[in-house]
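Here's my sequence, what's the structure:
(2 chains)
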Protein chains: 2
Amino acid sequence: MINFEFANRVSDLHGSAIRAAFKALSRPGMISLAGGMPDPKTYPNRELSEIAARILAEKGVTALQYGITEGYAPLLEKTRARLKNAGIGNDKDSLIITSGGQQAIELVTKSLINEGDGVACENPSFIGALNAFRSYGARLYSVTVEEDGMDIEALDKTLSQNKNIKFIYTIPTFQNPSGITMSLDKRKRLLAVAKKHDVFILEDSPYWELRFAGENVPSIKSMDEDNRVLYVGSYSKTVSPGLRVGFLLGNEDLVEKAVVCKQVSDVHTSVLPQMMIDEFLSKYDIDERIKASAAINGKKCAFMHECMDRYFPDSVSRTHPEGGLFLWCDLGGDADSSAFAAACLDKNVAIVPGASAMPDPTQKTSAFRLNFSMASEAEIETGIKALGEIIKGYGR
Amino acid sequence: MINFEFANRVSDLHGSAIRAAFKALSRPGMISLAGGMPDPKTYPNRELSEIAARILAEKGVTALQYGITEGYAPLLEKTRARLKNAGIGNDKDSLIITSGGQQAIELVTKSLINEGDGVACENPSFIGALNAFRSYGARLYSVTVEEDGMDIEALDKTLSQNKNIKFIYTIPTFQNPSGITMSLDKRKRLLAVAKKHDVFILEDSPYWELRFAGENVPSIKSMDEDNRVLYVGSYSKTVSPGLRVGFLLGNEDLVEKAVVCKQVSDVHTSVLPQMMIDEFLSKYDIDERIKASAAINGKKCAFMHECMDRYFPDSVSRTHPEGGLFLWCDLGGDADSSAFAAACLDKNVAIVPGASAMPDPTQKTSAFRLNFSMASEAEIETGIKALGEIIKGYGR
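From the prediction side, this is the model:
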């Protein structure tokens, strides 16, 4: 037997609870309110079937040969144009395709973080990003998410006290896991605070197009005058997560380094999925489809709230997102949502316990995340009812 | 403008010269003897067109939904069976799918290497791996590749003198860039040396099936009794590089950590390409196809040697690989192959200068790598003739 030690930066790193739950989903009868998947019925699989067949028949060598690390040029162009349409990006920003938004987050972290450097994170935040930061030995500084987004005063104080912080990580729109959207005012103040302390903002925005209520709020990147915002986007929630195609837009020097890091990571993102999304954008009105998909999510979100009205005690608080895929519930008191999630899994309902979303992994929490996009309405009702029974059982 | 510094580990990291040359390939009339691509005519694009269409039509949700980080289960099974057939892997080894062999190399490095830890590398070696090691701050310890592979005595000495070395990196069969195959005797001695110093061996083996002459030599992994060999393989050279599907087999604890690192890198490898390869393995005799493809490479390799006989002065030494994609030439004397490669690019021929393959990047070298699989015979002749003229020009 070989004796060995893991690198310090990853020795305490464990897999995501969401991914673990994902494996349990193959159990028959399991209802998933856990994952971050769009409604499977919204996947354009028929369209993509025809597109993939044609690409491989007509441009087979391009699709099967090595590609450019930066990404498939026509997809880069179309992505640029879509971003420009939303006021995102200028001449000093570079754009690359990444293997999902997750890779963009990892590449930024690898490019910037020495062990012991800091990242200011929302609390709660996205486990995949938190683990990416941890995997490079970053210290996470936790800033509370209020009803209208990050507590900007607390953020300012945190940055004043911790000069090792290299960037602020935020999911401003339909935040994962809380479903909360940062107000325009706070976005402006966030930019000002980042400028004051001269740090990057990593704006992770996979959900913003999936709005089903309320008014659009401009992205932080669209107000960025000094290429301080690194913008992460994705086709995961709008076309398909399984294809793994996302992108990173930002400061050209930083993105150039991210390309070097991407070379040693996967050389380039699989070419065929990039070509498929490119062709899909050419042939179909993606905005119409996103709108339709968001409307389905909105209907399911409203239905989930109805079910919670019916089956949850009033003591359970919950957020009311205007888009995205998630809402955030809080059992309150000293309930431990990790134990609760385990009890739910026993009853064949998968949810995400809040602990995995905490920058400080030792922090206990009574909160948990629910996904309202993937399950059918029947499953949502069965699932929420089961959750309600478990919660009520706690009261006895 | 924002002021920032890159993380130490990547601040000096630059892109691969091969990737840079790859961009120049779009120039009209450019002949590439640079890349590591199979002959484009060997890509099964018609078969894959039909396969992709059917998968998306019949199993569209599976293909477009998030997948398991470890990989698509049926492909894992088939890959396991293929490896077992070659005597590779036992019950204490785990197998995962990676986004190309490159990602397997990065995940092992991320899991094991603290800044300042060492990796013993062949000299010359594969730039993509060397840069992956560098990107985690590894120190590279260079061991000469002799006619029958790594200098094992020198390796033993290096390991004795440098206790910070965590693993030995080798491409034992049809090595990149030299084309050299390590003898069976040296493989056994390499294993013994690794055991003596209790370090891992990272066996990178993307080419071994592409043999067109000589007898098969068992992989190091097939002789591994204590799960010390981490085995990296790939479908890049046997099905398609653009799809980005490789794998990592080895010590179960190490691979479990690699899975955690993969989660934060790209969540999982794109599902559709995994399903396509799985289906291709089901429906077609991949071994027959690999044999046919290797025969094409062998014919081209022989033709390239004929051209060199005709157009190169005798002073240029070269290797005679029995498979794979590359051979290695040496201009000899104090020629600098980087300047030579630049001169070749001016004449519309892309080659890979040896400097990029040196563990010590400041080392000058008169050697360079030629790929014989991608160009047509007509292009090979034109290219080698142009190279010969440049070389002869140096003599004047």
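
what's the domain layout of chain A?
With domains defined by automatic domain parsing, chain A comprises A:12-44+A:287-395, A:45-283.

Which among those is found nearest to B:Phe303?
Closest to B:Phe303 of the domains of chain A, according to Cβ to Cβ: domain A:45-283, at 21.5 Å. All C-beta spots, glycine's among them, are computed from the backbone N, C-alpha and C.

worst average pLDDT in the domains of chain A?
Mean pLDDT is lowest for domain A:12-44+A:287-395 out of the domains of chain A, coming in at a mean of 91.

chain center to it: distance?
With Cα atoms, centre = their mean, to the nearest Å as the basis, domain A:12-44+A:287-395 stands 15 Å off its chain's centre.

What parts of the stretch 51-200 of chain A come near chain B?
Selection of the stretch 51-200 of chain A residues close to chain B by Cβ under 8 Å from any Cβ of the partner chain yields A:52-57, A:60-69, A:99-100, A:102-103, A:106, A:110-115, A:117, A:128, A:131-132, A:135-136, A:166, A:198-200.

now do 6 Å
Contact residues, the stretch 51-200 of chain A versus chain B (Cβ under 6 Å from any Cβ of the partner chain): A:52-53, A:56-57, A:60-61, A:63-67, A:69, A:99-100, A:102-103, A:106, A:111-114, A:131-132, A:135, A:198.

Give me the buried subset of the residues you listed.
Among those, those classed as buried by neighbour count (16 or more other Cβ atoms under 10 Å in any protein chain shown) are A:52-53, A:56-57, A:60, A:63-67, A:69, A:99-100, A:102-103, A:106, A:111-114, A:131-132, A:135.

Inside helices: which ones of those?
Secondary structure assignment (DSSP state H) places A:52-53, A:56-57, A:60, A:63-64, A:100, A:102-103, A:106, A:111-112, A:131-132 from these within helices.

quick one: which two of those residues are the most distant?
A:Ala57 and A:Leu112 (42.7 Å).

Could you list the residues of the stretch 251-396 of chain A in contact with chain B?
A:Lys257, A:Val260, A:Gln263, A:Val264, A:Ser265, A:Asp266, A:Val267, A:Ser270, A:Val271, A:Pro273.

One more pass at 7 Å, please.
Applying Cβ under 7 Å from any Cβ of the partner chain, we find that the stretch 251-396 of chain A lies next to chain B at A:251, A:257, A:259-261, A:263-267, A:270-273.

thinking again about what came up before, out of the domains of chain A, deepest packed?
domain A:45-283 (a mean of 22; mean count of other Cβ atoms under 10 Å in any protein chain shown).

mind checking how far A:Gly67 is from A:Ser293?
28 Å (Cβ to Cβ, to the nearest Å).

Repeat that for A:Cys121.
From A:Cys121 over to A:Ser293 (counting by Cβ to Cβ), the distance is 29 Å.

for chain A, which strand is longest?
For chain A, the strand reaching the highest residue count under DSSP state E is reported as strand A:139-146.

What pairs with the helix or strand following that strand, parallel or antiparallel?
Downstream of strand A:139-146, the first helix or strand assigned by DSSP states H and E is strand A:149-150. In the sheet, strand A:149-150 lines up against strand A:139-146 (antiparallel) (DSSP bridges).

which residues make contact with the partner strand from outside it?
A:116, A:118-124, A:130, A:133, A:150-151, A:154-155, A:158, A:162, A:164-165, A:175, A:178, A:180, A:359-360 (Cβ atoms under 7 Å, 6 or more residues apart in numbering or on different chains).

the strands in chain A, which residues?
Under DSSP E, chain A gives strands at A:31-32, A:93-98, A:118-123, A:139-146, A:149-150, A:165-170, A:200-204, A:229-234, A:246-251, A:317-318, A:326-330, A:349-350, A:352-353, A:367-371.

got a list of contacts for the last one?
When contacts are taken as Cβ under 7 Å, 6+ apart, the neighbours of strand A:367-371 outside the stretch itself are A:33-36, A:177, A:304, A:325-330, A:337, A:340-341, A:351-354, A:357.

switch to 8 Å and redo it
A:32-37, A:124, A:176-177, A:304, A:325-331, A:337, A:340-341, A:351-354, A:357 (Cβ atoms under 8 Å, 6 or more residues apart in numbering or on different chains).

Just the CA trace of that strand, in PDB.
Extracted in PDB, the C-alpha atoms of strand A:367-371 (Å, rounded to 0.1, in the frame of the first residue of the first chain):
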ATOM      1  CA  ALA A 367     -32.700  27.000   6.700                       C
ATOM      2  CA  PHE A 368     -33.000  24.900   3.600                       C
ATOM      3  CA  ARG A 369     -33.300  25.300  -0.200                       C
ATOM      4  CA  LEU A 370     -36.100  24.100  -2.400                       C
ATOM      5  CA  ASN A 371     -36.100  23.900  -6.100                       C
END
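
quick one, that strand and strand A:326-330 angle?
Comparing the axes of strand A:367-371 and strand A:326-330 via axes from the mean of the first three to the mean of the last three Cα atoms, to 10 degrees yields an angle of 150 degrees.

ok, strand A:367-371: who's next to it in the sheet?
strand A:326-330 (antiparallel), strand A:352-353 (antiparallel).
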